[in-house]
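> Dropping a prediction and its sequence here:
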Amino acid sequence: MASMLYQAYQNHMDLTAPWRSSAAAALKYLNLVPQGLSDKLFGRLAAALELISRSSLTYSRPPYGIDTVMVGNRELKVTEEVAYATPFGSLLHFKKEGAPEQPSMLLVAPMSGHFATLLRGTVKTLLQDHDVYITDWHNPRDIPLDRGKFGLDEYTEHLITFLDQLGPRAHMVAICQPSVSALAAAAIMSEDDHPARPATLTLMAGPIDTRIQPTKVNEFAKSKPLTWFEDNMINYVPFQCKGAFRQVYPGFVQLTAFVSMNLERHIKQHIELADLLAKGEKEKADVIKTFYDEYFAVMDLPADFYIETIRDVFQEHLLPQGKLTYRGRPVNPASIKRMGLMTVEGEKDDICSIGQTLAAQDLCTGVRAYRKVHHMQAGVGHYGVFSGKRWNNEIYPLLRDFVHVNS
């Protein structure tokens with residue numbers, strides 16, 4: 001029975017927890033052994049113990065780890081401050097001590113199986129020239145059932161509420177999946193002449209219209225009826241958790257799907273990690289460990305949000321057809337006026353292909369042509385749109401200038 005899979009998985013992890021704890025404890029004592037005493041043997045044993053101790057997923061958010069940032073020629077201290085919170089997410093502010101006045105920016109993180117910390121590199125880059133806030137989503141397995149549901153409407157509502165906290169003339173940047181909700185929030189706020197409607201909206205590698213050059217991800221979402229996703233992907237949060245009996249798309253199921261797409265690569269990485277640990281090459285091993293510490297930190301998705309996203313975005317394409325609603329109200333992108341619109345796509349994106357995000361430009365007919373910017377970045381895949389060298393050196397300068405011109 002699919003709905004009991006999560007409970008069985010949690011029971012297994014609880015039963016095997018003593019083995020991982022014992023391996024970690026043994027490793028601590030083994031590291032006290034003086035070097036030179038059978039280094040090869042101890043190295044292999046230490047590698048085995050470390051891999052055993054790491055053989056589990058993390059369900060709590062890793063730290064952002066952004067302590068300082070360069071603003072101009074000054075290094076400023078960065079502190080995290082929760083500006084506003086609901087049961088499902090926090091508006092997290094990266095506060096810079098002694099910073100000059102800079103444009104406020106809401107970075108909208110995807111709710112897609114990993115925590116918002118996946119965007120720490122994006123945040124650090126943006127912090128150079130902006131006062132950055134992020135949607136720091138909470139893990140549904142930690143949210144009691146009596147705190148209510150969370151679907152697409154609630155996601156959009158959170159963006160409106162968070163922008164209201166930032167006040168007038170803030171800027172909104174949505175990464176990937178939340179582009180639909182970000183566009184919906186901008187449209188609703190524009191129609192209502194909301195004083196905190198964003199000055200600019202930037203959509204990066206987002207599924208605005210997945211009918212355009214469908215990817216394997218898009219095709220899979222349409223290959224099954226909605227009932228199949230409900231029956232096979234939705235589980236109840238185990239009774240051991242605070243969010244017991246909440247319906248979710250479990251993080252470990254999502255991770256299994258991610259890993260299976262590049263299984264051979266992940267196996268090779270762990271073989272290499274074991275070899276590096278055995279040889280005592282700590283710095284090289286730490287690079288791999290840091291990546292997997294983040295990769296294996298997973299969060300569940302609320303069932304309502306997951307199913308509604310599959311249905312409304314990937315199967316029925318409601319937004320580009322003018323059929324999307326928010327709290328029963330039609331979402332009309334043409335109502336967006338006096339706002340800058342930027343769309344960014346990656347040439348080699350196999351998750352959100354070329355044209356899917358650009359579609360927002362045609363939907364937003366109320367935005368003046370001189371306020372519209374589109375950039376297709378050559379040579380990058382999905383993650384390269386918002387992380388890595390091309391993001392830092394080629395995409396970010398365009399985004400920075402776009403925001404500052406419209407501030």
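Here it is on my side, so go on.

> Give me the nearest residue to residue 126, chain neighbours excluded.
Once flanking residues are discounted, residue 126 sits nearest to residue 132: 5.0 Å by Cβ to Cβ, 6 or more residues apart in numbering. In short, each C-beta sits where N, CA and C put it, glycine included.

> Extract the residue ranges of this structure that are flagged as low pLDDT.
Scanning the chain for pLDDT under 70 picks out 1-3, 9, 11-58, 255-263, 265-267, 269-279, 285-296.

> ok, now how distant is the residue nearest the centre of it from residue 99?
When Cα atoms, centre = their mean is applied to the chain, the residue found nearest the centroid is residue 110 (3.8 Å). Taking Cβ to Cβ, to the nearest Å as the measure, residue 110 falls 27 Å from residue 99.

> can you check residue 131 too?
Distance, residue 131 to residue 99, using Cβ to Cβ: 7 Å.

> Look at these two and report which has more neighbours.
Using other Cβ atoms under 10 Å, the more surrounded residue of residue 131 and residue 99 is residue 131, with 20 against 17.

> what are the phi and psi angles of that one?
Main-chain dihedrals, residue 131, degrees, to the nearest 10: phi -90, psi 100.

> Count the residues that sit near residue 356.
Residue crowding around residue 356 was assessed by other Cβ under 10 Å; the count is 27.

> Let me fix that, I meant to ask about residue 157.
Per other Cβ under 10 Å, the neighbour tally for residue 157 reads 19.

> so what's it up against?
326, 327 (Cβ atoms under 8 Å, 6 or more residues apart in numbering).

> cool, and residue 124?
By Cβ under 8 Å, 6+ apart, the neighbours of residue 124 are 66, 69.

> any idea how far it lies from residue 344?
Counting by Cβ to Cβ - residue 124 and residue 344 are separated by 18 Å.

> doesn't residue 200 make contact with residue 402?
Yes. Applying Cβ atoms under 8 Å, one finds residue 402 in contact with residue 200, separated by 6.6 Å.

> shared neighbours, these two?
Shared contacts of residue 402 and residue 200, defined by Cβ under 8 Å, 6+ apart, are found at 340, 342.

> Tell me which of those two has more neighbours.
Set residue 402 next to residue 200 and count neighbours by other Cβ under 10 Å: residue 200 wins out with 25 against 20.

> Which residue is the nearest non-sequential neighbour of the more buried one?
residue 340 (3.7 Å).

> Also residue 143?
Of all residues not flanking residue 143 in the chain, residue 243 sits nearest, at 4.8 Å (Cβ to Cβ, 6+ apart).

> Now do the contacts for the one you found.
139, 140, 141, 142, 143, 144, 145, 237.

> repeat for residue 352
So residue 352 contacts 176, 205, 206, 207, 210, 215, 345, 382 (Cβ under 8 Å, 6+ apart).

> Quick check: phi and psi at the first one.
With angles defined as degrees, to the nearest 10, residue 176 shows backbone torsions of phi 60, psi -120.

> ok, it to residue 116 distance?
Residue 176 is 12 Å from residue 116, where distance means Cβ to Cβ.

> what's the neighbour count on residue 70?
Neighbourhood size, residue 70 [other Cβ under 10 Å]: 11.

> Let me know the helix or strand that it is in.
Secondary structure assignment for residue 70, by DSSP states H and E: strand 68-71.

> chain center to that strand, what's the gap?
23 Å (Cα atoms, centre = their mean, to the nearest Å).

> what sits up against it?
With Cβ under 8 Å, 6+ apart as the test, strand 68-71 has contacts from 75, 76, 77, 78, 96, 99, 100, 124, 127, 128, 129.
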